[in-house]
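K.L.:
Coordinates only, no sequence provided:
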């Protein structure tokens, strides 16, 4: 939350064409490909002109654009960052001991085209500067056991966007065979309030299996079992599976259904079906002015006191200081403040202490800091009689160590200690303890594209750093309301970038949470979906509150699309979630400043 506003150079690639030709001609028993063999060559690159978007390609920072193009109506645009070269790649099936020509048209500075996994010498070609379309070409011969190669294009770190179009790989096609038959024997196993275990019989020739939930693909596994998690309690679901190999994907299996059990976890607190969450400037005034607790309208179901902040970044010692009268002339007394909290709770509202914010960097680097965090937060909760805790860690509070690559098994101390502290607080206060989190998109949805420093290092270690915390606490988590504001463009599940300013951004970001998403683009490492009753959408209350404000009409479009699948825009959602919990805003104070526009729209929508 914005308290102030709340408001080396590339190497020279080696060409092996001349050497390869000489070797082929000089070695007895080896000849260049005959004209008859060349007549059977084909272009093996899939969607090389990007006419079908990024279908067939895996890109770290790419999108299909309509201009500039070399031919057709689309081309690839990819933008390297300081820690990413914006590579796009695809794997194709080839024949052993065969010659291939890779070519494509590119624009931009330091653009590369190459191939890996040849079984002989991997090759690449590049251009230092191509202000207009320039053709790049290279050739290679596959090894004696090579049946697959990966072709790629990429730019250079921080040099700006590059473009690619009409990429082709010409040579003899590999033997693709047939896709496997649909798996048989799909059956359910253990069913809980948030998960269903599935198993099925192996399909001959299958190398992987995909699991579908209510028609949407949610997992890819290599074995014959899977557990689908992130489900809503007391809800019926339909499941199917398919089998895949190099030749493609099978038809879907017969469907099985399962109904989850009643929930007893983090979503069991007595919140209304649709809740309005707001932050109350309790320790500062800001340009919006101070709002007394007693003056917060009854529409607000969860009130987050902003903020508890540490005495130092690594102390773990959290203090909550109420706004001084010099800054907030109309501030109420401690006694009146506590009485107003009790009155809100008597009316069914939840009042939480929010830890962090823009200025409150919290880094629990040691177990001592962890224990101090637990005791100091408990003291605040007990002193004011609060219902729970909101984690609003921003800035550099959470980041991942270079070797911490698995969100399911984190090893970074600041992550591990925070998880431990929150679990301790949950146990201390029991099942009615309200635990919410308000991360920024950079720490959650950005994890779909990047996670930590990345496989080759150099990425921002904060990318996706909230994911292990959310995952470890998902059974205790009451609400996750990601801040869909003050955000840069984020890649959605459609492999397109989405930017603030309209309903599509909120729809895409929320769909990712409710569908689940591959972490760092790895289809075998999926962050499971959250239950819809655990998710609220974070939005600024007004243009003064932060970047990313949208008008009430766009808020309504967002809710219509996600809860009814009507009034949707260009983003294709993966489901319909009438149990979506609601909305969060920064802030109650800024909404009051704007004549309660955000609250009134929420009330009108949910009645």
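P.N.:
It's in. This is a predicted model, so every value here is computed, not measured.
K.L.:
Low-confidence bits of the chain, can you list those?
P.N.:
Applying pLDDT under 70 to the chain flags the ranges 1-40, 175-177, 263-269.
K.L.:
so how far is residue 281 from the most centrally placed residue in it?
P.N.:
Taking CA atoms, centre = their mean, the centroid of the chain lies closest to residue 445, which sits 2.5 Å from it. Distance, residue 445 to residue 281, using CB to CB, to the nearest Å: 27 Å. Where you see a C-beta, it was placed from the backbone N, CA and C, and this is true even at glycine.
K.L.:
Span of stretch 169-186 from start to end?
P.N.:
With CA to CA, to the nearest Å as the measure, stretch 169-186 spans 39 Å from end to end.
K.L.:
Show the contacting residues for the closest residue to residue 244 other than its chain neighbours.
P.N.:
Leaving aside its sequence neighbours, residue 244 sits nearest to residue 208 (CB to CB, 6 or more residues apart in numbering; 5.0 Å). The neighbourhood of residue 208, defined by CB atoms under 8 Å, 6 or more residues apart in numbering, consists of 220-222, 243-245.
K.L.:
How far away from the center of its chain is stretch 60-68?
P.N.:
Offset of stretch 60-68 from its chain centre (CA atoms, centre = their mean, to the nearest Å): 20 Å.
K.L.:
same thing with stretch 41-55?
P.N.:
Distance of stretch 41-55 from its chain centroid, counting by CA atoms, centre = their mean, is 27 Å.
K.L.:
just stretch 99-106 next, same as before
P.N.:
With CA atoms, centre = their mean as the basis, stretch 99-106 stands 33 Å off its chain's centre.
K.L.:
Same question for that stretch: list its buried residues.
P.N.:
99-100, 102-106 (16 or more other CB atoms under 10 Å).
K.L.:
residues contacting residue 455?
P.N.:
Applying CB under 8 Å, 6+ apart, we find residue 455 in contact with 405, 520.
K.L.:
Try it again at 10 Å.
P.N.:
Residue 455 sits next to 405, 520, 522 when contact means CB atoms under 10 Å, 6 or more residues apart in numbering.
K.L.:
One more: residue 182?
P.N.:
So residue 182 contacts 200, 203, 240-243, 249-254 (CB under 10 Å, 6+ apart).
K.L.:
and those, which are buried?
P.N.:
By neighbour count, with 16+ other CB under 10 Å, the contacts of residue 182 hold 200, 203, 240-243, 249-250, 252-253 as buried.
K.L.:
Greatest separation within the residues you listed: which pair is it?
P.N.:
Pairwise distances across these peak at 14.8 Å for 200 and 249 (criterion: CB to CB).
K.L.:
tell me the secondary structure for residue 165?
P.N.:
Three-state assignment for residue 165 (DSSP: H, G, I helix; E, B strand; the rest coil): strand.
K.L.:
bridging residues for it?
P.N.:
Counting by DSSP bridges, residue 165 is bridged to residue 105.
K.L.:
Now do it against residue 584, distance only.
P.N.:
Relative to residue 584, and taking CB to CB, residue 165 is found at 43 Å.
K.L.:
State the number of residues packed around the residue nearest to residue 201 when sequence neighbours are not counted.
P.N.:
Leaving out its chain neighbours, the residue that sits closest to residue 201 by CB to CB, 6+ apart is residue 185, at 3.9 Å. By other CB atoms under 10 Å, 13 other residues sit near residue 185.
K.L.:
what's the answer for the one 4 residues further on, then?
P.N.:
A count of neighbours around residue 189, defined by other CB under 10 Å, yields 13.
K.L.:
what about it, distance to residue 362?
P.N.:
As judged by CB to CB, residue 189 and residue 362 stand 40 Å apart.
K.L.:
Residue 546 too?
P.N.:
Residue 546 is 21 Å from residue 362, by CB to CB.
K.L.:
Neighbour count: these two, which is higher?
P.N.:
A side-by-side neighbour count of residue 546 and residue 362, using other CB under 10 Å, places residue 362 first with 29 against 25.
K.L.:
Spit out the contact partners of the more buried one.
P.N.:
Residue 362 neighbours (CB under 10 Å, 6+ apart): 308-310, 312-318, 355-356, 369, 373, 391-398, 414, 418.
K.L.:
Provide a ChimeraX selection command restricted to the buried entries of the residues you listed.
P.N.:
To isolate the buried ones among the contacts of residue 362 in ChimeraX, judged by 16+ other CB under 10 Å, type:
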select :308,309,310,313,314,315,316,317,318,355,356,369,373,391,392,393,394,395,397,398,414,418
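K.L.:
Counting only strands, which of the contacts of residue 362 make the cut?
P.N.:
With strands taken from DSSP state E, the overlap with these comprises 308-310, 318, 355-356, 391-392.
K.L.:
tell me which of these is nearest to residue 115?
P.N.:
residue 391 (45.5 Å).
K.L.:
what sits opposite the closest one in the beta ladder?
P.N.:
Listed by DSSP bridges, the beta-bridge partners for residue 391 are residue 355, residue 437.
K.L.:
measure it to residue 489 for me?
P.N.:
According to CB to CB, residue 391 and residue 489 sit 25 Å apart.
K.L.:
Contacts only, for residue 604.
P.N.:
So residue 604 contacts 552, 556 (CB under 10 Å, 6+ apart).
K.L.:
Quick check: phi and psi on it?
P.N.:
Per-residue torsions, residue 604: phi -70, psi -40 (degrees, to the nearest 10).
K.L.:
Next: residue 346.
P.N.:
phi -60, psi -30.
K.L.:
Break down the stretch 201-350 of the chain into its helices, ranges please.
P.N.:
Under the criterion DSSP state H, counting those that start in this stretch, the stretch 201-350 of the chain contains helices at 334-346.
K.L.:
any idea which element residue 416 lies in?
P.N.:
helix 413-429 (DSSP states H and E).
K.L.:
So which elements touch that helix?
P.N.:
For helix 413-429, the contact count by 3 or more CB pairs under 10 Å, 6 or more residues apart in numbering; DSSP states H and E identifies helix 367-384, strand 388-392, strand 434-437, helix 467-472 as packing neighbours.
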